[in-house]
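1. Quick one: sequence and predicted model below, then my questions.
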Amino acid sequence: MTAADFIVVGGGIAGLSLAARLAAHGRVVVFEAEEAIGYHSSGRSATFAHYGIGNRTVRGLTSYSRAFFQAPPEGFAPAPLAKPSPALFVASEEMLPALDALTAEMKLFTDTIEPADEAGMLALCPILKTGQSGLVSAVVDHGGLRLDSDALLQGYARAVRAAGGETLTGRRLTAVRSAAGDWEVQVASGETWIAPVLVNAAGAWADGLAEMAGVRPLGLQPKRRTIIVVDPPAGTDVRAWPFVKTAVDEFYMLPEAGRLMASPVDEIDCEPCDASPDDYDIALAAYRIEQYTSLAVQRIAHRWAGLRTFTPDRVPTAGFAPDAPGFFWLAGQGGYGLQTAPAMAEAAEALILGGSWPAGLSGLGVAPDAVRPERLFKNS
Ligand SMILES: Cc1cc2nc3c(=O)[nH]c(=O)nc-3n(C[C@H](O)[C@H](O)[C@H](O)COP(=O)(O)OP(=O)(O)OC[C@H]3O[C@@H](n4cnc5c(N)ncnc54)[C@H](O)[C@@H]3O)c2cc1C
């Protein structure tokens, strides 16, 4: 049996970002079931950070995380983690109330927002269908960030190793049990590890891992989301186009390596799995492109799906399980796990070590009780 100070289950953005912080405080070992880190949700995202998603806690976590993306620690990654890119939120006539409500919420966190009329929308993205039967109004946030998810994941993994920790891939935990104040885990390869703190960052599998450990689950729900990549209009350079999203959850689109990536913003309840896209959602994505833009989809160059896993209140969770000392939840990152990761990792570090809560998070209205698991058990 090998001893560590912190066992982290899950080599996605959640597990790795926290492991990188914990590595300064003791021996950390990250277990990832797949052969590569970021194989599941963290490697399948649209990699955008913006305020057009989630609730106030999520926006606060997003806001706090920006400093890390824009100025990571010296040597964290060989290239920038984030590239500025406008985020354009568009509305048809019926969506105007939703656009107003979204704008008011976003303004609580950013002052880089301004309205865009039809000409303003077309200046940013000339293929949008505007006018009476199309999009009539928009707001643009000039502070959007396109993230480099691979650079983030690799940077965190390097930071773990540089501080003496380990990230072990191809290591699925098959048993977890509490043993005299420690957590003992069995790996499929036959190893056994023990540590006083176990971090459950198992993404869509986090409730299953808790059940394996005899810990009460949070009620997580994985939801599948689909992305397609299509060719842009012939001869068009789309690299400077914005992230475009409808004010209601119907459609988003953004440039991707010279092509356009789009999603019908689907949320299909799913069991934890290696998600693959459904034909209906692929067709819906193509339909939405043609509904909101003048582009005729000729060919789908790539398609994929991933799971976005939500708590019942859609707020990511960090905190010790109330019913299991030493068992720490870092789960339910939903559709914003990348853009909130630096904030969640710092918050989780403070909660694990009993350190002070980041003052910047309090200033943004995010208190520990907003993310602790206790809130999810209040009514039962
Ligand atoms: C299509 C799509 C678009 C998205 N767009 C964005 C976006 O633009 N911006 C944004 O911020 N977020 C976005 N997200 C959300 C984001 O990707 C997730 O919130 C985030 O990746 C969740 O990270 P995680 O580490 O919790 O989960 P994961 O990346 O899934 O990591 C969990 C890991 O735990 C491992 N694991 C599970 N059980 C075990 C076990 N027993 N033993 C060992 N390992 C185990 C799994 O193999 C997995 O690799 C998007 C998601 C999808 C699917």
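-> That came through fine.
2. contacts, neighbours, all on C-alpha from now
-> Will do.
3. Leaving out the residues flanking it, which one is nearest to D274?
-> Closest residue to D274 apart from its sequence neighbours, by CA to CA, 6 or more residues apart in numbering: H40 at 7.0 Å.
4. Let me fix that, I meant to ask about A24.
-> Distances taken as CA to CA, 6+ apart place A163 nearest to A24, at 6.2 Å, with adjacent residues excluded.
5. In this model H25 seems to touch that neighbour, though I could be wrong.
-> No. In terms of CA atoms under 8 Å, A163 does not count as a neighbour of H25; the distance is 9.2 Å.
6. quick one, which of the two is more surrounded?
-> A163 (17 against 13; other CA atoms under 10 Å).
7. picking up where we left off before, spit out the contact partners of the residue nearest to D274.
-> Each residue near H40 by CA atoms under 8 Å, 6 or more residues apart in numbering is listed here: G12, D274, G306, L307.
8. Give me the pLDDT for it.
-> You'll see H40 listed with a pLDDT of 98.
9. For the nearest residue to G60 once chain neighbours are set aside, give me phi and psi.
-> If the residues on either side of it in the chain are set aside, G60 comes closest to L364, at 5.3 Å by CA to CA, 6+ apart. Backbone dihedrals for L364, given as degrees, to the nearest 10, come out at phi -90, psi 10.
10. Contact partners for L364?
-> The contact partners of L364, by CA under 8 Å, 6+ apart, come to G60, S63, Y64.
11. How much space separates the residue at minimal distance from the centre of the chain from K223?
-> With distances taken as CA atoms, centre = their mean, the residue of the chain nearest its centroid is G337 (2.0 Å). Plainly put, G337 is 14 Å away from K223 if you go by CA to CA, to the nearest Å.
12. Please apply the same query to A262.
-> A262 is 17 Å from K223, where distance means CA to CA.
13. Now name the helix or strand holding T62.
-> helix 56-70 (DSSP states H and E).
14. Up against the ligand, what does the stretch 1-150 of the chain have?
-> Residues of the stretch 1-150 of the chain lying near the ligand by CA under 6 Å from any ligand atom: 9-15, 31-34, 38-42, 44-49.
15. Buried ones among the residues you listed?
-> 9-15, 31-34, 38-42, 44-49 (16 or more other CA atoms under 10 Å).
16. Which ones among these lie within strands?
-> With DSSP state E as the criterion, strands contain V9, F31, F48, A49 from among these.
17. Turn the residues you listed into TSV, columns for distance to F377.
-> Below are those laid out as TSV (distance: CA to CA, whole Å):
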residue	distance to F377
V9	23
F31	28
F48	31
A49	30
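18. Which single one of these is nearest to the ligand?
-> F48 (3.8 Å; CA to the nearest ligand atom).
19. Looks like that closest one contacts A87 (just checking).
-> No. Counting by CA under 8 Å, F48 sits too far from A87 to count as a contact (9.1 Å).
20. what do the two both touch?
-> Here F48 and A87 share the contacting residues G144, F243, scored by CA under 8 Å, 6+ apart.
21. what domains does the record give for the chain?
-> Domain ranges of the chain: 2-47+149-220+313-377, 93-143+223-310, per automatic domain parsing.
22. in the helix or strand encompassing Y156, what's buried?
-> Using DSSP H and E, the element containing Y156 is helix 149-162. Across helix 149-162, burial judged by 16+ other CA under 10 Å covers 149-161.
23. With pLDDT as extra columns, can I get the residues you listed in a markdown table?
-> A markdown table is the format used below for the buried residues of helix 149-162 (pLDDT from 0 to 100):
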| residue | pLDDT |
| --- | --- |
| S149 | 98 |
| D150 | 98 |
| A151 | 98 |
| L152 | 98 |
| L153 | 98 |
| Q154 | 98 |
| G155 | 98 |
| Y156 | 98 |
| A157 | 98 |
| R158 | 98 |
| A159 | 98 |
| V160 | 98 |
| R161 | 98 |
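24. pretty sure R161 contacts G155?
-> No. Between R161 and G155 there is no contact, the gap being 10.1 Å when judged by CA under 8 Å.
25. residues near A101, how many?
-> Other residues near A101 come to 11 when the count uses other CA under 10 Å.
26. Please renumber the chain so that the first residue is 53 from this point on.
-> With 53 as the first residue, the last one maps to A153.
27. Quickly note the distance from it to A232.
-> Counting by CA to CA, the separation of A153 from A232 is 51 Å.
28. repeat for S93
-> Per CA to CA, S93 is found 34 Å from A232.
29. for G62, same thing?
-> Plainly put, G62 is 24 Å away from A232 if you go by CA to CA.
30. and if you look at L390?
-> L390 sits 35 Å away from A232, taking CA to CA as the criterion.
31. of the two, who's got more company?
-> For L390 versus A232, neighbours defined as other CA under 10 Å are more numerous around L390 (28 against 8).
32. Quick check: that one touching I65?
-> Yes. Counting by CA under 8 Å, L390 touches I65, with 6.6 Å between them.
33. if I pick L204, what's in contact with it?
-> For L204, the residues meeting the contact criterion (CA under 8 Å, 6+ apart) are I65, A129, L133.
34. do the same with A373
-> By CA under 8 Å, 6+ apart, the contact set of A373 is V267, R268, F379, F380, W381, P425, E426.
35. Show the residue spans covered by the strands in the stretch 303-432 of the chain.
-> Listed from the start of the chain, the stretch 303-432 of the chain has strands (DSSP state E, counting those that start in this stretch) covering 304-308, 311-315, 320-321, 352-362, 369-372, 379-383.
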